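Participant: Next input, structure requested:
(one chain, ligands or ions: 1)
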Amino acid sequence: MTKRLLAILLVLLSSHLTEGQMTNDNPNGSYFSTHPFLWGAASAAYQVEGAYQADGKGPSYWDVWMNKYEIAGPGVTGNVAINFYDRKQYLKDIMLMKQLGINSYRFSISWPRIIPDGVGAVNMKAIEHYRTFIKDLKAAGIEPVMTLYHWDMPQALFEKGGWDVRESVDWFGNYAKVVFDNFKDLVKIYVLCNEMLIETGISFIAEDIIKKEKPNFNVVVPAPDRLERALTQFNHKLLAVAAAGKLFHSYHIPQGEAGVALPLVPTIAVNTESSAAAQFVDGIANRWFLDAIYKGAYPADILEYAKEHHFDLKIQEGDAKEIQGAGLTYLGINYYAPMFVQQDEKSDYYGMSFPHMPNMEYAFNGPNRPDQLERLLLRIKDEYGNPSVIITENGAGFKGDDELKNGQVNDTHRINYLKGHIAAVQAVRKIGGHVYGYHVWSSHDNLEWISGYGSRFGMIYVDFKTQQRILKNSAKYYGAYVRAHR
Ligand code: FCB
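Facilitator: Got it, this is the predicted structure:
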């Protein structure tokens, strides 16, 4: 072929590519830029499945914390949850989701179901269960978005040091291999790990409860005396994700996508004196992860703090580069609320406090501020090279919003929250942000970790005693929106 012909062909070809395809450098081809926007909902195994000992499942550390130490209160466990492991039940739930019109469902698979001891023998019953579930989802026209790890580490590995030890990277890599071997033909979109930051934060609360010490309920900013351990865990989790990400590429899944779900928290300084404090929180909660993944370096200000405080983070030369080198194909964002930060000389918590702001509507996870989602998405676009993004979680629960009256749940606050955040996503897409999906947390009310069954986040109401489901008004709103925009 002559050079001229080649040039003409290239021009012709590029004029047929969408903007997303041109910028997406996923070597396996991009699922997102060649498929309709994903309008979905999300959940996680421990919060919904129940069946905690079925089909040879091993215990996760959550099973032990809830059953043995009752960290969420007496009798509050995930042993039954919303009975989602039961095929009879989940088929009805898939029908409800189909009725809403969603085309994507983000769920997690349970590591201790698949490898009961964490490493070693694979439990084929669990593999078969999830393969059937995925086929059932697909038969309903719903794309599976599969999370490998949503906090339920096998207890056997937790007892060997869990994320505190670097061996966790190999354990996870081994698990990821089992997952790709068994699901590569069915699943294209993988969330390798959910919210490394919040898992660590909640685990510190749980440890305090177990030791009968007063817990620190700040899950975003680890206490000063635990920051060393938190950053060490984050490095191991990121390396585990990198190992799984590299492996994912070796399978060449056509149009396969692999990313992580980060709980990004825009920080807002309450006054000009507080901007350094807000910057510091941003460094721990956001830049620690984003900079490693997209820049191949941990943020200098946080490393400097660690050095001044003689932390031993066990980071080895090249770790952050390894994480960048894994080449994650998209970023999953879990967004709930921003965090207000105030410099506060009286506080021994890094000399800062996190005030509740007046005149704002507060959900369980913070204030309803869709403008901050827009700000966050613009930041990802402008500072991190406009990667493909899917919103892997967004949603809210409000006190008093989920009361069942005459067979109806009129959750107006949730509807209002969803409307605002969907509008923010649409606004960023209009100006070139590569956002390809949006998942409400959650499809159903479920077990909200340490908060138990009292904090409802679902669009589908669940009567936890009878397992009856009722579509809330938010489900009707979201369904109508999705059907109109698909
Ligand atoms: C996120 C978790 C999810 C759920 C929501 C409300 O931090 O990923 O499991 O608990 O919060």
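Participant: contacting residues for residue 409?
Facilitator: Residue 409 is in contact with 402-403, 461, 470, 472-473, counting by CB atoms under 8 Å, 6 or more residues apart in numbering. Just so you know, the C-beta spots here come from the backbone N, C-alpha and C atoms, and that holds for glycine as well.
Participant: Could you point out the longest helix of the protein?
Facilitator: Secondary structure of the chain per DSSP state H: the longest helix is helix 227-250.
Participant: Which one (most neighbours) among the contacts of residue 409?
Facilitator: Comparing the contacts of residue 409 by number of neighbours (other CB atoms under 10 Å), residue 472 comes first, having 24 neighbours.
Participant: residues contacting it?
Facilitator: Counted by CB under 8 Å, 6+ apart, residue 472 has contacts 402, 409-411, 414, 458-461.
Participant: Can you show me the helices along the stretch 351-486 of the chain?
Facilitator: 370-383, 412-430, 473-485 (DSSP state H, counting those that start in this stretch).
Participant: closest one to the ligand among those helices?
Facilitator: helix 412-430 (12.4 Å; CB to the nearest ligand atom).
Participant: tell me what the closest one is packed against?
Facilitator: helix 370-383, strand 389-394, strand 435-441, helix 473-485 (3 or more CB pairs under 8 Å, 6 or more residues apart in numbering; DSSP states H and E).
Participant: related to what we said a few turns ago, pipe the contacts of residue 472 into JSON lines and attach pLDDT per row.
Facilitator: Below are these laid out as JSON lines (pLDDT from 0 to 100):
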{"residue": "402", "pLDDT": "98"}
{"residue": "409", "pLDDT": "98"}
{"residue": "410", "pLDDT": "98"}
{"residue": "411", "pLDDT": "98"}
{"residue": "414", "pLDDT": "98"}
{"residue": "458", "pLDDT": "98"}
{"residue": "459", "pLDDT": "98"}
{"residue": "460", "pLDDT": "98"}
{"residue": "461", "pLDDT": "98"}
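Participant: CA atoms only for the longest helix of the chain, dumped as CSV, please.
Facilitator: Listed next in CSV are the C-alpha coordinates belonging to helix 227-250 (Å, rounded to 0.1, in the frame of the first residue of the first chain):
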residue,chain,number,x,y,z
LEU,A,227,-2.2,6.6,59.3
GLU,A,228,1.0,4.6,59.0
ARG,A,229,-0.9,1.3,59.0
ALA,A,230,-3.6,2.7,56.7
LEU,A,231,-1.1,3.9,54.0
THR,A,232,0.7,0.6,54.2
GLN,A,233,-2.6,-1.3,53.6
PHE,A,234,-3.4,1.1,50.7
ASN,A,235,-0.1,0.3,49.0
HIS,A,236,-0.8,-3.4,49.3
LYS,A,237,-4.3,-3.1,48.0
LEU,A,238,-3.1,-1.0,45.1
LEU,A,239,-0.4,-3.5,44.3
ALA,A,240,-3.0,-6.3,44.5
VAL,A,241,-5.1,-4.4,42.0
ALA,A,242,-2.1,-3.9,39.8
ALA,A,243,-1.4,-7.7,39.9
ALA,A,244,-5.0,-8.4,38.9
GLY,A,245,-4.9,-5.7,36.3
LYS,A,246,-1.8,-7.0,34.6
LEU,A,247,-3.3,-10.5,34.6
PHE,A,248,-6.5,-9.2,33.1
HIS,A,249,-4.6,-7.8,30.1
SER,A,250,-3.0,-11.2,29.5
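Participant: Can you give me the buried ones in it?
Facilitator: For helix 227-250, a neighbour-count test (16 or more other CB atoms under 10 Å) marks 227-249 as buried.
Participant: for it, what is the average pLDDT?
Facilitator: Helix 227-250 carries an average pLDDT of 98.
Participant: Okay then, goodbye and thanks.
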